[in-house]
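Chemist: Sequence first, then the predicted structure, then my questions.
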Amino acid sequence: MSAICNRSRVSSCLIKRLKYHIAMVSNRRSFTTSEGHRPAIVNKRSLDILHDPLYNKGTAFSMTERNRLDLRGLLPPNVMTTEQQIDRFMADLRRLETQAKDGPSDPNALAKWRILNRLHDRNETMYYKVLIANITEYAPIVYTPTVGLVCQNYRGLYRRPRGMYFSSADRGEMMSMVYNWPAEQVDMIVVTDGSRILGLGDLGIQGIGIAIGKLDLYVAAAGINPQRVLPVMIDVGTNNEKLLKDSQYLGVQEHRLEGEEYLAVIDEFMEAVYTRWPHVIVQFEDFQTKWAFKLLQRYRHNYRMFNDDVQGTAGVAIAGLLGAVRAQGRPMVDFPKQKIVVAGAGSAGVGVLNAARKTMARMLGNNEAAFESARSQFWVVDAKGLVTEEREDIDPEVRPFAWKANEISRQGLKEGASLVEVVRQVKPDVLLGLSAVGGLFSKEVLEALKGSTSTRPAIFAMSNPTKNAECTPEEAYSIVGDHIIYASGSPFKNVDLGNGRIGHVNQGNNMYLFPGIGLGTLLSGSEIVSDGMLQAAAERLAGYMTEEEVLNGVIYPSTSRIRDITKEVAAAVVKEAIQEDLAEGYRGMDVRELQKLNEEEILEYVENNMWYPEYPTLVYK
């Protein structure tokens, strides 16, 4: 009997393999079933399922499901369509936006966040459907700039668990703790230690808001299944004295761990999550500069991880810089001729510098001479002024971009020269701000930029949130002129230049890249996130805009196209992973089948693996 069963199982396996082989060699390749279209097995009924945001459909439960799941009598009798539900929610939202404010000091944006968060708490599918359908309006609410306000006020906004917390008190317990998370599979983790949230500084445990916001965009833009994402806060204390004295602070009220003690906590966390979920992708977010680079180098060659502040910001900036070259009517290969003044030498600034230098070097031949030549296109200005080799205690990450004293003196500059002096003498093509200092591009600095040798100088005021932008678009256009290219990290409205002309504001936001980087890494099965994969993502974003758009000063696309942008970026990442022989496949698509796909088929493969917010059929078991 046992032998017959074994033969039956073997035959069954052979039949499955044969069916798979036939599907793969047919004229139209068979890709993985679209995310979100599979029936969902649930082990709860009645009020329990109405209280579960993952499966709750509210008034949209069909009569068949109401019978099957013991919901009859617990819901109003009229079965609503998803569209009717959203119309009702949007009408309530418009009415409640002002009423939800906690007094006159509570911004309208925070009230919107509260209402959306309540929807997220009770019906996750509908929440993401609303977010995707209104992404231009709500991306600034769930992400920058409003997420900064959320983090600052998180102690009063916390209502229910969303994510996991690993603290310094959990040392030795993390390996067991990860099994407290109910999901058997996690594809994406965003982790922060709260030490440098946006440009707001050390917010301690309240920084988990940034991890939650980022993962909302992974779901909305990249179609990562929301049941397989995990926001994480690593609480190693805080150096924020206000929080240390706050009786209502939710985190560890001790000063931050440093040195080997700090590294031991992060090491234990990484070992724990990769033990339970070996193929998870971990995005590091808003770690202070001194740890951002160290942790990136410590883990990037052994784990599927990347740092969005260092690598994501760099990629978006590179895409914008290449777009600025195109906007001047020149080919992107002219990028190595650009003179770039960079204001800010934190993790984001250094990340952009390194990525831009590599991009220039590759265009110049990708050898040592090209790499050295590219270095001379950058002038770095930090809080102490122009960085040269005469600087004492220079940051090792910034040292490669420090000018020699004799070289810089020939340009009429010296160590510590002010930003306005540097701009006046260098006459740069690009003024790039990653300083987190609002208003740094003063009237005097912008006046100096009018002397630029470029036909269309570019101003990148990339610091977040809005109040930290180095200058506003109105200031840039009114002082420098109508011919500039302007980009910011936070959203601003376009500028009316009169006579029907528009001064375009390009939001160089990381949301154009990190969802695609994560999705592409997941679907390729690459065990690391390589420099080549990141470069492919940036170049695809740079080439996304049409010639007509870039010549009109539009170098970043509208957020309304974020799903399509993410699909294109993810496909570029998958393609690069295949070319670098890093791809190992995903689910039913093994590496051999991946290698056979052409560009159009890679795009189809990516799209078919993006989750869409549709109510699944629920089956009780």
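Modeler: Sure, I can see it. Residues are numbered from 1 along each chain as shown.
Chemist: Now for the chain, the helix or strand with the poorest mean pLDDT.
Modeler: Across the helices and strands of the chain, mean pLDDT, DSSP states H and E gives its lowest value to helix 2-25, namely a mean of 45.
Chemist: Not counting its neighbours along the chain, what's nearest residue 63?
Modeler: In space, residue 63 comes closest to residue 79 once its chain neighbours are excluded; the distance is 6.5 Å by Cβ to Cβ, 6 or more residues apart in numbering. (C-beta placed from N, C-alpha, C; glycine too.)
Chemist: Identify the residues contacting that neighbour.
Modeler: 59, 60, 61, 62, 63 (Cβ atoms under 8 Å, 6 or more residues apart in numbering).
Chemist: What is the neighbour count of the last one?
Modeler: I take that to be residue 63. Residues lying near residue 63 (other Cβ atoms under 10 Å) number 11.
Chemist: ok, it to residue 493 distance?
Modeler: Applying Cβ to Cβ, to the nearest Å, the value for residue 63 to residue 493 is 47 Å.
Chemist: Likewise for the first one?
Modeler: Residue 59 sits 37 Å away from residue 493, going by Cβ to Cβ.
Chemist: So which of those two has more stuff around it?
Modeler: residue 59 (14 against 9).
Chemist: sorry, back to before: of the contacts of residue 79, which is the nearest to residue 468?
Modeler: Using Cβ to Cβ, residue 60 comes nearest to residue 468 of the contacts of residue 79, at 41.7 Å.
Chemist: For that closest one, give me its contacts.
Modeler: Shown in contact with residue 60 (Cβ under 8 Å, 6+ apart): 79, 80, 81, 82, 85, 615.
Chemist: if I've got this straight, residue 414 is in a helix?
Modeler: No - in this structure, residue 414 is coil, not part of a helix, as judged by DSSP: H, G, I helix; E, B strand; the rest coil.
Chemist: can you give me phi and psi for it?
Modeler: Phi and psi for residue 414, reported as degrees, to the nearest 10, are phi -150, psi 170.
Chemist: What pLDDT does the model give it?
Modeler: If you check residue 414, the pLDDT there is 96.
Chemist: Just to check, it is in contact with residue 389?
Modeler: No - using Cβ atoms under 8 Å, residue 414 is not in contact with residue 389; the gap is 11.6 Å.
Chemist: which neighbours do these two share?
Modeler: With Cβ under 8 Å, 6+ apart, residue 414 and residue 389 have common neighbours residue 405.
Chemist: Just the residues contacting the strand or helix carrying residue 267, thanks.
Modeler: For residue 267, the host element (DSSP states H and E) is helix 259-276. Helix 259-276 is contacted from outside by 166, 168, 171-172, 174-175, 177-179, 186, 189, 191, 193, 232, 234, 236, 256-257, 280, 282, 291, 295, 298-299, 303, using Cβ under 8 Å, 6+ apart.
Chemist: what does stretch 591-604 give?
Modeler: 24, 29, 31, 524-525, 567-568, 571, 574-575, 578, 583-585, 605.
Chemist: Kindly check the end-to-end length of that stretch for me.
Modeler: 16 Å (Cα to Cα, to the nearest Å).
Chemist: Contacts only, for the residue lying closest to residue 310 once chain neighbours are set aside.
Modeler: In space, and not counting its chain neighbours, residue 310 is closest to residue 351: 3.6 Å by Cβ to Cβ, 6+ apart. By Cβ under 8 Å, 6+ apart, residue 351 lies in contact with 307, 309, 310, 311, 313, 314.
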